[in-house]
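K.L.:
structure for this input, please:
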Amino acid sequence: MDMMKDKNPKQELSLIYFSSCPSYEPIKKMLQEIGLIFKEINQDNLQEGDFGKNFTSPTLIMNTDNIIFGDVTDSSKGACSTELPNKKELVNLLKNEGFAIYDSIALTALITLIILGG
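P.N.:
Numbering: from 1, shown residues only. You can find the predicted model right below:
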C-alpha cells in the first residue's frame, strides 16, 4: 500500500498578480529558482466575479482554496500583498504544504550518481 499516495494528492500552484505589482517578478523568480511549476493568473485579464480577481497581488494559492501567502480582498481593483516571504521562508511554507523541495546541488549530485551507476 502506498501511504504517500493518499497523503500527497496532486497539488496545483497558482500565482495571482496584477501587471503593475512590484513584487510579482521577484516572487515569480523565486518560484522558478526553487523549480516549481505554477500557473500564472493575471488579474488584469479577469472580469468582475472571475476566480482570482479578489486576491492581493501577489498571492500564491494551492488547489484554488489554500492560500500559501497573500490574501483575499474585497476590492476588485487590486491590492498589494504587504508581507511577502523571502526565499527560505517560501521554501518552508511550501514544505509545510507537502511539496518536495530539493537543493539543486544535492539533486545534481544524486542524478550524477544514478547516471554513473554509483
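K.L.:
contacts only, for the closest residue to residue 99 other than its chain neighbours.
P.N.:
In space, residue 99 comes closest to residue 11 once its chain neighbours are excluded; the distance is 6.6 Å by Cβ to Cβ, 6 or more residues apart in numbering. Heads up, the C-betas are built off the backbone N, CA and C, glycines and all. Residue 11 makes contacts with 62, 63, 97, 98, 99, as judged by Cβ atoms under 8 Å, 6 or more residues apart in numbering.
K.L.:
let's see 7 Å
P.N.:
Residue 11 makes contact with 62, 63, 98, 99 under the criterion Cβ atoms under 7 Å, 6 or more residues apart in numbering.
K.L.:
surely residue 36 is in a helix?
P.N.:
No. Assigned with DSSP: H, G, I helix; E, B strand; the rest coil, residue 36 falls outside any helix and is coil.
K.L.:
count of neighbours near the spatially closest residue to it that is not a sequence neighbour?
P.N.:
Once flanking residues are discounted, residue 36 sits nearest to residue 13: 6.1 Å by Cβ to Cβ, 6+ apart. Using other Cβ atoms under 10 Å, residue 13 has 19 other residues around it.
K.L.:
go on, residue 85?
P.N.:
17.
K.L.:
what subset of the contacts of residue 11 is buried?
P.N.:
By neighbour count, with 16 or more other Cβ atoms under 10 Å, those hold 62, 99 as buried.
K.L.:
now the contacts of residue 11 in a markdown table, with pLDDT and secondary structure?
P.N.:
Shown next, in a markdown table, are those (pLDDT from 0 to 100; DSSP: H, G, I helix; E, B strand; the rest coil):
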| residue | pLDDT | secondary structure |
| --- | --- | --- |
| 62 | 90 | strand |
| 63 | 87 | coil |
| 98 | 78 | coil |
| 99 | 75 | coil |
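K.L.:
quick one, strands of the chain?
P.N.:
13-17, 38-42, 59-62, 66-69 (DSSP state E).
K.L.:
understood, closing this out.
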